[in-house]
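Peer 1: Kindly return the folded structure for what I paste below:
(2 chains)
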Amino acid sequence: AQSVTQLGSHVSVSEGALVLLRCNYSSSVPPYLFWYVQYPNQGLQLLLKYTSAATLVKGINGFEAEFKKSETSFHLTKPSAHMSDAAEYFCAVGAEGGSYIPTFGRGTSLIVHP
Amino acid sequence: DGGITQSPKYLFRKEGQNVTLSCEQNLNHDAMYWYRQDPGQGLRLIYYSQIVNDFQKGDIAEGYSVSREKKESFPLTVTSAQKNPTAFYLCASSIRQSQHSGNTIYFGEGSWLTVV
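Peer 2: Down below sits the predicted model:
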């Protein structure tokens, strides 16, 4: 079985500050890991995806995430927050075998202050 | 452009009525999904289908029904048995998850259902 935990339902940063959104996963086999972004009243859009090719994954809009097996983490970062980054962010984990359906975290709302 | 189209964007349901949410994709994906989203609860899987004429219950299937008669279409019916249907509903699709769940899931723009 696989699971994912997003620490913090809300994260607040100032414009220009570092963004750090935390995601920890549980999987008995090597995982596939995803970060999605959701703007108000819209569907989810893929930010980036880890598939074991490289531990540091670069995504769209300046976001990146690092896979750390020893910490079972896949935290999302961005060096400098923009007002337009304000949105809901979801971490998801998939794996070999099992139900073949990725499991989503509960989401973290990113608030960006001017 | 390829994508997933959900309609309507906003729908109002009276008590005791069934309503159907439409989902169409032109990505040539075999797998399709329906999720329900409530504030603070993330995404919850209602139904999914890996292939035409086959579908499986997700975590919260009670009060919902689906059909998969065509590859590109996966409509969701919210029945009167669903006691608390007010939510944001997301349709999604992907390449068939045959041996792992690592294929990217693509989402539609969502539909708001409100009980009046």
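
Peer 1: contacts and neighbour counts: CA atoms only from here.
Peer 2: OK.

Peer 1: any idea how far A:Gln45 is from A:Ile60?
Peer 2: Between A:Ile60 and A:Gln45 the distance is 10 Å, computed by Cα to Cα, to the nearest Å.

Peer 1: Going by how many neighbours each has, rank the two and give me the top one.
Peer 2: A:Gln45 (18 against 9; other Cα atoms under 10 Å in any protein chain shown).

Peer 1: tell me which element the more buried one is part of?
Peer 2: Assigned by DSSP states H and E, A:Gln45 falls within strand A:44-50.

Peer 1: quick one, phi/psi of A:Gly62?
Peer 2: phi 80, psi 10 (degrees, to the nearest 10).

Peer 1: Is it correct that it is in contact with A:Lys78?
Peer 2: Yes: the pair A:Gly62 / A:Lys78 is scored as a contact, 6.1 Å apart, by Cα atoms under 8 Å.

Peer 1: Could you check the pLDDT of the closest residue to B:Glu109 other than its chain neighbours?
Peer 2: Computed as Cα to Cα, 6 or more residues apart in numbering or on different chains, the closest residue to B:Glu109 that is not its neighbour in sequence is A:Gly43, at 4.2 Å. Among the per-residue scores, A:Gly43 shows a pLDDT of 94.

Peer 1: touching chain A at all, stretch B:80-93?
Peer 2: Yes: applying Cα under 8 Å from any Cα of the partner chain, one finds stretch B:80-93 touching chain A at B:Leu90.

Peer 1: Determine how far the last residue of that stretch lies from the first.
Peer 2: End-to-end distance for stretch B:80-93, by Cα to Cα: 26 Å.

Peer 1: That stretch - what's its average pLDDT?
Peer 2: On average, stretch B:80-93 scores 92.

Peer 1: Direction included, what does the strand or helix carrying B:Leu11 pair against?
Peer 2: Take DSSP H and E as the rule and B:Leu11 turns out to sit in strand B:10-13. With DSSP bridges as the test, strand B:10-13 is paired with strand B:111-115 (parallel).

Peer 1: buried residues in the strand it pairs with?
Peer 2: Within strand B:111-115, the residues that count as buried by 16 or more other Cα atoms under 10 Å in any protein chain shown are B:111-113.

Peer 1: who's in contact with B:Gly40?
Peer 2: Residues near B:Gly40 by Cα atoms under 8 Å, 6 or more residues apart in numbering or on different chains: A:9, A:106-107.

Peer 1: now do B:Glu69
Peer 2: B:Glu69 touches B:52-53, counting by Cα under 8 Å, 6+ apart.

Peer 1: Let's verify the residue positioned nearest the centre of chain B: helix, strand, or coil?
Peer 2: Centroid-nearest residue in chain B, with Cα atoms, centre = their mean: B:Trp34, separated by 2.4 Å. The three-state assignment at B:Trp34 reads strand, by DSSP: H, G, I helix; E, B strand; the rest coil.

Peer 1: Local confidence estimate at it?
Peer 2: pLDDT at B:Trp34 comes out at 97.

Peer 1: Equivalent analysis for B:Asn103, please.
Peer 2: pLDDT, B:Asn103: 81.

Peer 1: so who does it touch?
Peer 2: So, once contact is read as Cα under 8 Å, 6+ apart, B:Asn103 ends up touching B:94-97.
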